[in-house]
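# only geometry, no sequence info:
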């Protein structure tokens, strides 16, 4: 579907508003604890987006301290069963597949007619090597009504975390179709792991109104919105290791956005049935992995 005039005006507006200032105001609003206001916001949100609270660990909307606590709500233990196949690559979020496929000539597909380079997405220095050439990628969009915690696709040891400062364009379909290099331009948190399938990257992309990116090992990374250079945290040794189990919570968005999963070519295959536009949930099988170095038959 071609972008409409309304889509173009929406993107133009985003280009001129103070994105970080506006998102910071929303961040504060989402944490106000005055019951009449926070209850009003939560009720209006549930009604507008038809949020199903039957899966929530706390189904009473009035029990949440503020809007953000409701937005990042936990689910019941059995709400997202994990695929039982131990070789399954699990979906890390609830959402919609925006794009899925192979990293061809170092590029990922953003939208029809638009690609961007994996080196830019990973905030690498010029010429810095990475293991994802020819690998697999999945771009997953979280709508406002979705569950907003991110879970591990595979068991892994954290190797590096990079905060890459950037813009905060919306990441919806219209903006992806119109803004070049959208996911490599926006603020993002790049989490790289060592797994039995080899290297894996889970990238949390910030967006307009998304006032916070958080991980289970480091807490809130934003705010504040740092800059202008990327910040890196390395976890090089077993003594410093942070191990996360398959399906374990990795982090969360304070208001929603997009997750991009990168996997190596030699040990990961994505199921052919998944297409752009497919609805997905945490714990579903996206594909299968082989031990790093194994030969596919």
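Looks like it came in fine. Keep in mind that what you see is a predicted model, and the values were worked out from it rather than measured. Numbering: from 1, shown residues only.

# Might you list the low-confidence residue ranges for the stretch 1-150 of the chain?
Scanning the stretch 1-150 of the chain with the threshold set as pLDDT under 70 gives 1.

# Could you list the domains of the chain?
Per automatic domain parsing, the structural domains of the chain span 5-71, 88-289.

# Would you mind giving these as CSV with mean neighbour count and distance to residue 77 added?
The C-beta positions use only the backbone N, C-alpha and C, and glycine is treated the same way. Shown next, in CSV, are the domains of the chain (neighbours: other Cβ atoms under 10 Å; distance: least, Cβ to Cβ, whole Å):
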stretch, mean neighbour count, distance to residue 77
domain 5-71, 14, 8
domain 88-289, 19, 11
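
# Quick one: those domains as JSON lines, columns for distance to residue 81 too.
Below are the domains of the chain laid out as JSON lines (distance: least, Cβ to Cβ, whole Å):
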{"stretch": "domain 5-71", "distance to residue 81": "12"}
{"stretch": "domain 88-289", "distance to residue 81": "6"}
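
# among those domains, which is nearest residue 82?
Closest approach to residue 82 among the domains of the chain is made by domain 88-289 (4.2 Å; Cβ to Cβ).

# Can you tell me the closest non-neighbouring residue to residue 145?
residue 49 (3.9 Å; Cβ to Cβ, 6 or more residues apart in numbering).

# who's in contact with the one you found?
Taking Cβ atoms under 8 Å, 6 or more residues apart in numbering as the contact definition, residue 49 lies against 143, 144, 145.

# Roughly how far does the last one sit from residue 256?
By that I understand residue 145. 9 Å (Cβ to Cβ, to the nearest Å).

# cool, residue 71 as well?
Look at residue 71 and residue 256: by Cβ to Cβ, they are 8 Å apart.

# Tell me the spatial nearest neighbour of residue 35, not counting adjacent residues.
Counting by Cβ to Cβ, 6+ apart, residue 35 lies nearest to residue 62, which is 7.7 Å off, once chain neighbours are set aside.

# Now for the residue minimising distance to the centre of the chain: which residues touch it?
The centroid of the chain falls nearest to residue 259 when counting by Cα atoms, centre = their mean (2.1 Å). Applying Cβ under 8 Å, 6+ apart, we find residue 259 in contact with 92, 93, 95, 139, 140, 142, 150, 202, 203, 204, 205.

# Remind me which helix or strand the first one belongs to.
Applying DSSP states H and E as the criterion places residue 92 outside every helix and strand.

# How about the fifth one?
When elements are assigned from DSSP H and E, residue 140 belongs to strand 136-141.

# which element follows that strand toward the C-terminus?
strand 149-151.

# Spit out the contact partners of the nearest residue to residue 73 once chain neighbours are set aside.
In space, and not counting its chain neighbours, residue 73 is closest to residue 56: 5.0 Å by Cβ to Cβ, 6+ apart. Residue 56 makes contacts with 73, 74, 75, 76, as judged by Cβ under 8 Å, 6+ apart.
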